[in-house]
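Colleague: below is the sequence, then the predicted model.
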Amino acid sequence: MAFTLPALPYAHDALEPYIDSMTMQIHHGKHHQAYVDNLNKAIAGTPNENKTLLELVKSAGSISPAVRNNGGGHWNHSFFWEIMAPKAGGTPSGKLADAINAAFGSFDAFKEKFAAAGLTRFGSGWAWLISKDGKLEISSTPNQDNPLMDVAEIKGSPILGVDVWEHAYYLKYQNRRGDYLTAFWNLVNWPKVAQHFDAATK
Ligand code: MN3
């Protein structure tokens, strides 16, 4: 069954001023759409056609680069749109807040470490907050890899992630990836992140 582009859960301009409308239109409508289209092309007429996206992503080490890159791109962006929201940000609460404090000392220390993971990812990739054996960790992956992949350096369940490809921020922030990462905190949909945490620690 062919994969399809999920609708954005908000309008293109809903994340202004932190992420501009044009960036969202191109990022979702062109980049994400291209991952979906190229994934469908790469699996057409192969046994991978009958696998779920999660199955493909988890077996990244034994599938073709086209399926790994475009399958990862489809999974990562579908996840990314959902962990952001308009009028979001602030701080997490409850079990998730406790787990962040336990793992990193404080919310501020966590934010610093997460931003550093995004800043130091050379070239294109993602920074992640993951749940690993019930504990939170920060990691980053190159290209469209993610922590679910069997090839990931640090494996775990993604709780939060941020796209640090230039296409995610260049129109508004140009070379200032750090400014984009600072603005990102205004968009984090903590209730959604908490859902991911609950699911990963069940
Ligand atoms: Mn992207």
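Modeller: Alright, I've got the coordinates.

Colleague: what parts of the protein come near the ion?
Modeller: 163, 165, 168 (CB under 5 Å from the ion). In this view, the C-beta of every residue, glycine as well, is placed from N, C-alpha and C.

Colleague: of all those, which comes closest to residue 183?
Modeller: Nearest to residue 183 among the residues of the chain next to the ion: residue 168, at 11.2 Å, using CB to CB.

Colleague: next, the contact list for the closest one, please.
Modeller: Applying CB atoms under 8 Å, 6 or more residues apart in numbering, we find residue 168 in contact with 19, 23, 27, 162, 180.

Colleague: among those residues, which ones are in helices?
Modeller: 23, 180 (DSSP state H).

Colleague: could I get the contacts of residue 168 as TSV with neighbour count and pLDDT?
Modeller: Written out in TSV, the entries for the contacts of residue 168 read as follows (neighbours: other CB atoms under 10 Å; pLDDT from 0 to 100):
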residue	neighbour count	pLDDT
19	24	98
23	20	98
27	23	98
162	25	98
180	24	98
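
Colleague: which intervals of this protein have sub-threshold pLDDT?
Modeller: 1 (pLDDT under 70).

Colleague: quick one: the strands in the protein, in order.
Modeller: For the chain, the strands defined by DSSP state E cover 125-132, 135-142, 157-163.

Colleague: what packs against the last one?
Modeller: Applying 3 or more CB pairs under 8 Å, 6 or more residues apart in numbering; DSSP states H and E, we find strand 157-163 packed against helix 65-82, helix 107-120, strand 125-132, helix 190-200.
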